[in-house]
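Novice: Sharing a sequence plus its predicted fold:
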Amino acid sequence: DIVMTQSPGTLSVSPGEGVTLSCRASQTVGGNLAWYQQKPDQPPRLLIYGASTRATAVPARFSGSGSGTEFTLTISSLQSEDCAVYFCQHYENWPLTFGGGTRVEIK
Amino acid sequence: EVQLLESGGGLVQPGGSQRLSCAASGFTFSTYAMTWVRRAPGKGLEWVSSISSSGASTYYTDSAKGRFTISRDNSKSTLYLQMNYLRAEDTAVYYCAKDVIPSVGGFNGCLDNWGQGTLVTVSS
């Protein structure tokens, strides 16, 4: 199984600052990597697929990069509504696996 | 507008059974693979099972094999998850989700629309 490792576990950031979240795969997943945002009592929301393509209606401050085993999600200027847990997920093969998540908090 | 509405959650005793349903609308259900994902309290997201658009192919996480069965009724635009021999560790919010692209007979695995989830609590 491909293990997805996210870092850091928690980020505390001031509004307007940039944020970089990391996701590492235990073996290559090519570009088959998605990022999701989940707020309390809400379902996950797809942000990025194909490692770098923004999903519909996702603000331009969210961007994804990487390929193979190393990926990043960047929020260029953190807004208060971005407080959430962010998960990466590969869809290279079965089983699909998610990272443990990074919690982003407002400082 | 794509809508996915789960139902069937609740309190069930260890060893018991539960059937979850997911009613879909706003897209051509029969052309998309579908997936169940869960999130246990205090934990992260965990993929549970996926089914191809026709229902001919299914996949399960190891802990679900032999206990859970995913199925679909394309005539009713509804996805199901039959869960048997439930354990305390199956306690979670269960989400249904659709693939980001249609694929007749295949899968993508990237999930672009999710339901609100239904809570399954396994406890005596």
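Specialist: Cool, the structure landed. Numbering: from 1, shown residues only, chains lettered A, B, ... in the order given.
Novice: Nearest residue to A:Val58 in space, please, no chain neighbours.
Specialist: With sequence-adjacent residues excluded and distances taken as Cβ to Cβ, 6 or more residues apart in numbering or on different chains, A:Val58 is closest to A:Leu47, at 5.3 Å. C-betas here are computed from N, CA, C, even on glycine.
Novice: Any residues of chain A in contact with chain B? List them.
Specialist: Applying Cβ under 8 Å from any Cβ of the partner chain, one finds that chain A approaches chain B through A:32, A:34, A:36, A:38, A:42-46, A:49-50, A:55-56, A:85, A:87, A:89, A:91, A:94-101.
Novice: Can you flag the buried ones in these?
Specialist: A:32, A:34, A:36, A:38, A:43-46, A:49-50, A:55, A:85, A:87, A:89, A:91, A:95-101 (16 or more other Cβ atoms under 10 Å in any protein chain shown).
Novice: Quick one: the strands in the chain, in order.
Specialist: You didn't pick a chain, so chain A it is. A:4-7, A:10-13, A:19-25, A:33-38, A:45-49, A:53-54, A:62-67, A:70-75, A:84-90, A:97-98, A:102-106 (DSSP state E).
Novice: let's do chain B instead
Specialist: Using DSSP E, the strands of chain B run over B:3-7, B:10-12, B:18-25, B:34-39, B:45-51, B:58-60, B:68-73, B:78-83, B:92-99, B:111-114, B:118-122.
Novice: Export the ones you listed as TSV, with columns for distance to chain A, mean pLDDT and mean neighbour count.
Specialist: Output for those, formatted as TSV (distance: least, Cβ to the nearest Cβ, whole Å; pLDDT from 0 to 100; neighbours: other Cβ atoms under 10 Å in any protein chain shown):
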stretch	distance to chain A	mean pLDDT	mean neighbour count
strand B:3-7	9	98	17
strand B:10-12	18	98	14
strand B:18-25	12	98	19
strand B:34-39	8	98	25
strand B:45-51	4	98	24
strand B:58-60	5	97	18
strand B:68-73	13	98	18
strand B:78-83	15	98	22
strand B:92-99	6	98	24
strand B:111-114	4	97	23
strand B:118-122	11	98	19
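Novice: Need the ones you listed in CSV (columns: distance to A:Gly18).
Specialist: Conversion of these to CSV gives the following (distance: least, Cβ to Cβ, whole Å):
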stretch, distance to A:Gly18
strand B:3-7, 33
strand B:10-12, 44
strand B:18-25, 37
strand B:34-39, 28
strand B:45-51, 25
strand B:58-60, 38
strand B:68-73, 41
strand B:78-83, 39
strand B:92-99, 30
strand B:111-114, 26
strand B:118-122, 36
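Novice: So for A:Ile2, which of those sits nearest?
Specialist: When those are compared by Cβ to Cβ, strand B:45-51 sits nearest A:Ile2, at 11.5 Å.
Novice: what distance separates that closest one from the centre of its chain?
Specialist: Averaging C-alpha positions (Cα atoms, centre = their mean, to the nearest Å) puts strand B:45-51 7 Å from its chain's average.
Novice: Contacts made by it with the rest, please.
Specialist: When contacts are defined by Cβ atoms under 8 Å, 6 or more residues apart in numbering or on different chains, strand B:45-51 is touched by residues A:36, A:38, A:44, A:87, A:89, A:95-98, A:101, B:33-40, B:57-61, B:64, B:68, B:70-72, B:79, B:81, B:92, B:94, B:107, B:109.
Novice: do the same with stretch A:60-74
Specialist: So stretch A:60-74 is contacted by A:18-31, A:33, A:35, A:47-48, A:51-54, A:75-77, A:79, A:86, A:88 (Cβ under 8 Å, 6+ apart).
Novice: Thanks a lot, see you next time.
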